[in-house]
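Student: fold the following.
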Amino acid sequence: MIHRNSRATYGASRIHAELRAIDIRCGKKRVARLMRHASLSGCLRGLKMRLTHRLAFQQAAAPDFVGRNFATEAPDKLWVADITYVRSREGVLYLAFILYACSRRVVGWSMATHLRTELVVDALQMAIARRKPAPELVHH
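Tutor: Reported below is the predicted structural model:
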């Protein structure tokens, strides 16, 4: 009844709050379980995450020169890089970073609200400016 009166927008938390307001005592997990059993769900609002993935028409991945072995004892031989996202109240921030494999130290990083090329290029430029790498260095 509460779910229907809310035009199917209320989820378990809001329905639990409505039940508490009319002096019906039950747990929030029980409400969620009963809603799942009845195939009821609330309306999802807010930011919808877009996932990145490799499309079929794009180029093949670059060769793996390190053989997935990221442990190195020699200095200035290997940098590893990655991109991740951080959710915040303001939205999503993307973080590109480069790690110096020998010491696991971050040598370059960049944050932005987009996933354009500049994000990675800025992180790489910072790493090059800070470390001045040797010509034989592998950036993975």
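Student: ok, now which ones touch residue 44?
Tutor: Applying Cβ atoms under 8 Å, 6 or more residues apart in numbering to residue 44 gives no contacts. All C-beta spots, glycine's among them, are computed from the backbone N, C-alpha and C.
Student: for it, helix, strand, or coil?
Tutor: coil (DSSP: H, G, I helix; E, B strand; the rest coil).
Student: does residue 81 touch residue 95 like I think?
Tutor: No - the criterion here is Cβ atoms under 8 Å, and residue 81 misses it with residue 95 at 11.1 Å.
Student: so where's the longest helix in this structure?
Tutor: Using DSSP state H, we find that the single longest helix of the chain is helix 117-131.
Student: how about that helix: buried residues?
Tutor: By 16 or more other Cβ atoms under 10 Å, the buried positions in helix 117-131 come out as 119, 120, 122, 123, 124, 126, 127, 128, 131.
Student: residue 14 is in contact with residue 6, correct?
Tutor: Yes - between residue 6 and residue 14 there is a contact under Cβ under 8 Å: 7.2 Å.
Student: tell me the spacing between residue 91 and residue 82.
Tutor: 21 Å (Cβ to Cβ, to the nearest Å).
Student: next, name the residue at the spatial heart of the protein.
Tutor: For the chain, residue 85 is the residue whose C-alpha lies nearest the centre (Cα atoms, centre = their mean; 3.8 Å).
Student: what about the helix or strand hosting that residue, average pLDDT?
Tutor: In this assignment (DSSP states H and E), residue 85 forms part of strand 78-88. Mean pLDDT, computed over strand 78-88, is 87.
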